[in-house]
Each structure stands twice: as C-alpha cells, then as structure tokens.
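Undergrad: Kindly generate the corresponding structure for this input.
(one chain, ligands or ions: 1)
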Amino acid sequence: MNFENTLSFANIVDHKDPLRHVRDEFYIPKNEHGDELLYFTGNSLGLQPKKTKDYILQELEDWKNLGSKGHVSAKRPWMKYHHHFKKPLSQIVGAHESEVVSMNSLTTNLHLLMISFYRPTSSRYKILMLNNAFPSDHYAIESQVKYHGFDPKDAIIGMGPMSTESLLDENELLQQIELNKDCLALVLIEGVSYLTGQAFDIKTLAQQCQKYDITLGVDGAHAVGNIELALHDWGVDFAAWCSYKYLNGSPGCVGGAFVHQKHSKRFDLPRLSGWWGHNEARRFLMESTFDPMEGVDGWQLSNVPVLTSAALLSSLSIFETVGMKSLIEKSHHLTGFLTFLLQENCKDTVKIITPLEESKRGCQLSLEVKGGKSVFEKLIQSGVVCDWREPSVIRLAPVPLYNTFTDVYQFVQMLSEVA
Ligand SMILES: *Cc1c(COP(=O)(O)O)cnc(C)c1O
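TA: Numbering: from 1, shown residues only. Okay, the predicted model is just below:
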C-alpha cells in the first residue's frame, strides 16, 4: 500500500477497509466529556466486545434458573464448556484441535508444561531464554531450575539485550543453541517480545532445536491473536498464552495451552494432574487412579471457570468471523501506516525500536522518544492511551480489530505537537 501523509488519506482507507465494521463490535473507552480515547493498549488489555455482556448474562441466567443442572442443561453445558474453544484457538495458533485447550492462566500453564517438558539430567539441564523476557517468565524459569536443584546462574543462559537498547540478533540465538547443544534441555522464548515488539522466527528456531533434540516452548502472550502462527507445522513442543491481551478475553481471563501432537501419548512424562485431565468418559465415575486423556487435554486440572470463559468465547466468535488472514493483512497496513507517518513527521524525535519488516513484528511498535516521560504524559493528557516502560519506551499497538487509520493519523499529529 502506498501511504500518504494526510488525514483525508486515512479517512479514505478507513472507508474502504473491509474490516471497518468490526470496530462497532467493541466498546471504545471515553474521556469525561464522552469523547472516544485513542486506545492503543490492546497489547496489554484488549477492549470489551459489546456481546460479552450477553455471553456472561446467559451463564448467570442459567445458573439462576438451573443451579447445578446447568452442568448438563445450560444453553452451553458447563461440563463441556471448554470444548467450544478448540476450534477457534486451533485456528488462531495454527494447531490441531487436540493440541489446544483453554485453562488456568499463563504463568500457571508455563509451570505445568515445564514440569513435563523440562527434564534436566546432570549433563543436560540448561534453559535458554531472553535477557529482556517478561518478568514472570524469569521468575517461573528460575523457580523451575531451583526446584530441580540447579543454580539459576549456571543453568539459565540469557540471550540478547538486557533492556530495550537493541533487538535480538536471531543468528546469534541459533549459534548459542548450537554452542550449547550438549547442555541445553529447553529453549523458552516469547513469540513476540512484549518490550520491543520484535517477532521471532519460531519456524527456524524450532528447526534448530529439533536438530539437537532440544525442547522448544513458546510464550505466546504477545503473539496469539497478533501474528500468524503455525505451532503444529513448526513442531513447537509446547506453548502457553494469556487471553486478555489481543484475544480481548477480559482482565485475568482464563489462559490457553498447546502441546504438540507428537507428545499426545507421553503418559510417561511427569505431570501435575487433576480430575479435569482424567479420561472424560469416566471422569464422573470418581475413580482414584488417574487415567490421563490424550493430547493437551490430559494436562487440565480443574473444571471450567465459566464466567471468564464466556467472556473469551464472545471475543473468539469475532475472530472466527474475521479470520486471522484478513486481520493480519489489515494489521500490516495499519502498523505500516504508523511507521510511515512517524518517519515522515517525527524523524528527529522518535526512534522506532521495533523492526520495520512486516514479518519481524506484530501490530505493536515500541518507540524511544526524545523527551521521554514528559512526552508520554502529554500524550495521555491529550486522550491517548498507550503505555510507558522504564527507562524510555512508549509502547503502542494499533489493533486491527478496532483501531483505525484515522486513529493512527491523529496519534502522530499529537505526538509531533508534543515531542
Ligand atoms: C502478559 C504476560 C505475562 C503475564 O502472565 P499472567 O500469568 O497472565 O499474569 C507473562 N508473560 C508474558 C510474556 C506476558 O506478556
């Protein structure tokens, strides 16, 4: 798409956008005068779909009217509520239905999956991760390493920049894996960096890990619902994600997990088990001997949190209608327009940290802005919702489901006025 540096261009592109009506399915937050804000933090908390309330009310009604009978007689019976997620989630992450499940929360799922897939031996026990990974991932990995009796300083190989000053050199990552092939037990990496917005080449990374028989886990928090994923075809061993960012599932919503089909019958692996992972046909026979289900379902612990699941289901129905392909196509144009305008209008004040190539990012851009925090504060006062990461980064994500080209144009206008 050839961009133009004008408001009328932005208006025209919005008008022609085949997804323009999808915005109407969401509530856009407003200021105290009732004017819509420029919301760019869908990477942190996705907006509320208007139909979420109906999905939740349905469950409240069924609970009110049916009590425990709702487990089997609700409009969507609670006992099988998790089944509704298989199709939409498998399409979003590029997997078979038997490979995905919605359950727990992200950090919990990382722990559950590491218990099974981080199998250190005395010679092969190291985990490779990124130095600037999300703090919870650091804490989870460190605690797993300690749990197995290793010293995190020795057992964790940190890769790439410590903060935001530069991007990860992916060739260096591949080299590190080769160098450490005899001591690495696991590589655990974000699909898209929460900090820099860099999207990693998981396909090539997976090939490298497979070559040396190293397990690969992906934290999909910023990748799921944002970039194209093919977790099955790439041969990723396991993945986990949260659903309140690009999936608009509601704050603290139930998370998700992927276990590759090649592990579907690995009943020999240690796992922390619960009754929801037990043979579904016999779950209510209340047997005391655990008979795990095949596939990722066997990692489930507890029965379904129906209210947050209902919220997620409402949003996933929008994803199903729109489809990842057209979503990503719009995303490339929308974030492409943002980079174009920043380069045209803010060249001297803004450095774009995120890679410019479409295949190396999702919708988020991380910006280093001259004037730092005071510029950020002025933006907030002007009705922009974006976020600030110390020491000097503004993150913003034009989300293709509900952001417009006009939003992006107005943001850059405001930025060039205050920076
Ligand atoms: C958002 C995010 C988390 C948050 O973890 P929760 O368990 O959902 O609170 C963890 N890791 C990454 C990479 C994230 O982006």
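
Undergrad: Model confidence score at the closest residue to Glu294 other than its chain neighbours, please.
TA: Beyond its immediate neighbours in the sequence, the residue positioned closest to Glu294 (Cβ to Cβ, 6 or more residues apart in numbering) is Ser264, lying 4.9 Å away. C-beta: built from backbone N, CA, C; applies to glycine. With respect to pLDDT, Ser264 scores 97.

Undergrad: do the same with the one 3 residues further on
TA: In this model, Phe267 is scored at 96, pLDDT.

Undergrad: what ranges of the chain fall below the confidence cut-off?
TA: Low-confidence regions of the chain, defined by pLDDT under 70, span residues 165.

Undergrad: Would you agree Asn31 is in contact with Leu37?
TA: Yes: assessed by Cβ atoms under 8 Å, Asn31 is found in contact with Leu37 at 6.0 Å.

Undergrad: Okay, Val254 and Asn403: tell me how far apart.
TA: 25 Å (Cβ to Cβ, to the nearest Å).

Undergrad: more crowded one of those two?
TA: Higher neighbour count among Val254 and Asn403: Asn403, with 27 against 24, using other Cβ atoms under 10 Å.

Undergrad: The more buried one contacts Gly46, doesn't it?
TA: No: when contacts are counted by Cβ under 8 Å, Asn403 is not listed as touching Gly46 (11.4 Å).

Undergrad: ok, how many other residues are close to the residue of the stretch 251-400 of the chain found nearest the ligand?
TA: The stretch 251-400 of the chain approaches the ligand most closely through Gly255 (6.1 Å), counting by Cβ to the nearest ligand atom. Here the neighbour count serves as a burial measure; for Gly255 (other Cβ under 10 Å) it reads 27.

Undergrad: again with Asp182
TA: When counting by other Cβ under 10 Å, one arrives at 10 neighbours for Asp182.

Undergrad: Likewise for Ser288?
TA: Under the neighbour criterion other Cβ under 10 Å, Ser288 is assigned a count of 4.

Undergrad: On the three-state scheme, it is what?
TA: coil (DSSP: H, G, I helix; E, B strand; the rest coil).

Undergrad: got a list of what Phe238 touches?
TA: Remark: with contacts taken as Cβ atoms under 8 Å, 6 or more residues apart in numbering, Phe238 is in contact with 113, 116-117, 215, 217-218, 257-260, 263.

Undergrad: Excluding covalently adjacent residues, which one is nearest to Leu130?
TA: Excluding its sequence neighbours, the residue lying closest to Leu130 (Cβ to Cβ, 6+ apart) is Gly160, at 5.0 Å.
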